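K.L.:
Give the three-dimensional model of this entry:
(one chain, ligands or ions: 1)
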Amino acid sequence: MQWFMLPLYPSIIASKAYEARAKVHSALKAWYEAGYDQKTGADVVRTRAALMRDHGLKPADFCKLEMSIMHGATSNTIPTLYWLATFIFLRLKLVEELRTDALALLGDKSDTGKGIVEIPVSRIEETCPLLVSCWKEAIRLASQPITVRRVARDFELADPDTGRQYFFRKGADVMLPATVLHRLPSVWGADADEFNPRRFMAASKSEEDEANKKRRGAYMPFGGGKHMCPGRHFALAEILGLMTALILGYEIVGLKEENVEMANAKVGEAIAKPTAAGQGGKVQLRRRTGWEEVEWKFLV
Ligand code: HEM
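P.N.:
Numbering: from 1, shown residues only. Down below sits the predicted model:
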């Protein structure tokens, strides 16, 4: 990926990736030209393709754009799910607490240990605040995007703590590395590098307002402004929906802290992956007693 982004003959310096991308382009082009997007495509695919056709774009052009959606939709979501599941399942007491909330989410269907269990994804945010806090905390630690913005006009900015003035010249590029912001002890406290499941759960409205004031500008896992990630609500729904099923119906056996280690994210990735040796080691994902026969249905 990094090699791809260098403006230097990618067909030579990243030939394998270049050829693979050309293969996907050509398959997508044929698929769109045959009109499968309108016949069998998901709503999002169909609507996007229709919009691009309306604006005069041909499948040969927009199939390239559609590849970036696949990249965005998978490259960050999968490692985020990994970190959330790992941080949670390393803490058995936390799993128990989250199970209590997840059962409350199922409501009067909570005694359904078999058959189809329906997870009302749209109610997770109000019913499972601890899980939502774990999600925010997992992405705080794992998210390492560098948001880049071009300065539109000359201006000066003062550091509120030191009073030092900074001059931003029109046309310059400013890089905002979330890794630094997400681990500032002055904002997050002395345990900034630790996973604190309750960090985003305030005891009261005033405590929440106070915390938000401090964190404003220091928490940007999805970038910011006009180009803020448009997939963030979708990512929250799919990851928290699946996590609820994992918490209710499964256990992860053999997961050890010493086998988990985060690598640095590479160019083009917003979320860090684990190092080769830090992927959790040999673990077993198994159905919990009483939940062996369950099939999951996610309601949105
Ligand atoms: C946990 C999962 C995800 C994370 C952490 C994430 C993070 C990001 C970040 C940091 C940006 C750059 C924003 C900026 O420059 O201000 C971005 C942009 C984008 N993301 Fe995501 N993303 C996630 C999931 C998704 C999903 C599921 C989709 C699509 C279904 C998606 C589609 C996009 C698109 C299209 C952009 C470009 C937006 C623009 O330039 O206007 N992302 N994402």
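K.L.:
Helices of the stretch 1-150 of the chain, residue ranges please.
P.N.:
Listed in chain order, the helices of the stretch 1-150 of the chain (DSSP state H, counting those that start in this stretch) span residues 2-5, 10-13, 15-33, 36-40, 43-54, 59-75, 77-89, 92-106, 124-127, 129-142.
K.L.:
Can you flag the weakest of those helices by average pLDDT?
P.N.:
Note on the helices of the stretch 1-150 of the chain: lowest mean pLDDT is at helix 2-5, with a mean of 62.
K.L.:
Adding distance to the ligand and mean neighbour count as columns, could you present the helices of the stretch 1-150 of the chain in a markdown table?
P.N.:
For the C-beta atoms, the positions are set from N, CA and C on the backbone; glycine is no exception. Shown next, in a markdown table, are the helices of the stretch 1-150 of the chain (distance: least, Cβ to the nearest ligand atom, whole Å; neighbours: other Cβ atoms under 10 Å):
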| stretch | distance to the ligand | mean neighbour count |
| --- | --- | --- |
| helix 2-5 | 15 | 12 |
| helix 10-13 | 21 | 12 |
| helix 15-33 | 16 | 14 |
| helix 36-40 | 16 | 14 |
| helix 43-54 | 7 | 14 |
| helix 59-75 | 3 | 15 |
| helix 77-89 | 4 | 21 |
| helix 92-106 | 19 | 16 |
| helix 124-127 | 15 | 15 |
| helix 129-142 | 6 | 22 |
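K.L.:
Next, give phi and psi for the closest residue to Leu255 other than its chain neighbours.
P.N.:
Closest residue to Leu255 apart from its sequence neighbours, by Cβ to Cβ, 6 or more residues apart in numbering: Val283 at 4.9 Å. For Val283, the backbone dihedrals (degrees, to the nearest 10) come out as phi -130, psi 160.
K.L.:
list the contacts for Val283?
P.N.:
Ile252, Val253, Gly254, Leu255 (Cβ atoms under 8 Å, 6 or more residues apart in numbering).
K.L.:
For Gly280, see how far away the first one is.
P.N.:
When distance is defined by Cβ to Cβ, to the nearest Å, Ile252 is 8 Å away from Gly280.
K.L.:
most centrally placed residue in this structure?
P.N.:
Taking Cα atoms, centre = their mean as the criterion, Thr77 is the residue nearest the geometric centre of the chain, at 4.3 Å.
K.L.:
Good, we can wrap up now.
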